[in-house]
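S.K.: A structural model of the following input is requested.
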Amino acid sequence: MRALVAIVGGPPVGIEQMLDAREERVARQGTALARFGRPLVSMTLVMPGPLKDGWLQRSVLELALGELETTASDRRWPVLSREVSWQQTGPEALYVIDGEPEILKAATIELEDRHPLGRLWDLDVIAPGPRMLSRKQLGHPERRCLVCDQPARECARSRRHPLERVLDAIARIASDFGLHADA
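M.R.: A predicted model of the protein is given here:
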């Protein structure tokens, strides 16, 4: 029941709004690829259910932004463009980074796997072409489900777990990291 306390926000969004947001994100990605001709990191969150925006979602994305910027700085990758969007359909960001796409994807996989909140981040790398780089292409295992140890894609597709169990897992990850509504 902790999910109902921890994951608040609103208003709830429907499937049409989410599809529209995805379409707008793809258009922004296409524009950035055409303008810069360099790889993109498209940042969204793993946040199922109708509540996509709130203090938790924004806090989680802000931490992801900081981690990606630190990684780019440490590796001396110029950030050519940074666009952060705080929407009802969920916070998201789009970075254009002047680096090799495969190395950039490996770095985002490391962030997702290493950081305590990384399981809540969806860091997609899109190379000019456009072509989406995947974990599998780089020899990395699929992401695991937040609730069980099965591949996340299988659990999501089959709706193996009730939404409340998935949200409880998200709330636990956030709480274990120290993100609390009263913080």
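
S.K.: just the helices from this protein, written as ranges.
M.R.: When assigned using DSSP state H, the helices of the chain occupy the ranges 2-6, 15-36, 55-74, 101-114, 152-158, 163-177.

S.K.: neighbouring contacts of the second one?
M.R.: What that stands for is helix 15-36. With contacts defined as C-beta atoms under 8 Å, 6 or more residues apart in numbering, helix 15-36 is touched by 40, 42, 44, 52, 80-81, 83, 87-90, 92, 94, 96, 126, 128, 130. C-betas here are computed from N, CA, C, even on glycine.

S.K.: pLDDT of it, averaged?
M.R.: Averaging the model's pLDDT scores along helix 15-36 yields 97.

S.K.: residue contacts, the nearest residue to residue 77 once chain neighbours are set aside?
M.R.: Leaving aside its chain neighbours, residue 77 sits nearest to residue 99 (4.1 Å; criterion: C-beta to C-beta, 6 or more residues apart in numbering). For residue 99, the contacting residues are 38, 39, 72, 75, 77, by C-beta under 8 Å, 6+ apart.

S.K.: and for the residue nearest the centre of the chain, nearest residue in space, chain neighbours not counted?
M.R.: The residue at the geometric middle of the chain, judged as the C-alpha nearest the mean C-alpha position with C-alpha atoms, centre = their mean, is residue 122 (2.5 Å). With sequence-adjacent residues excluded and distances taken as C-beta to C-beta, 6+ apart, residue 122 is closest to residue 44, at 4.6 Å.

S.K.: thinking again about what came up before, just the buried ones from the contacts of residue 99?
M.R.: 38, 39, 72, 77 (16 or more other C-beta atoms under 10 Å).

S.K.: backbone dihedrals for the first one, please?
M.R.: Put plainly, it is residue 38. Backbone dihedrals for residue 38, given as degrees, to the nearest 10, come out at phi -130, psi 160.

S.K.: thought it was touching residue 79?
M.R.: No. Between residue 38 and residue 79 there is no contact, the gap being 10.1 Å when judged by C-beta atoms under 8 Å.

S.K.: which neighbours do the two have in common?
M.R.: By C-beta under 8 Å, 6+ apart, the residues touching both residue 38 and residue 79 are 96, 97, 98.
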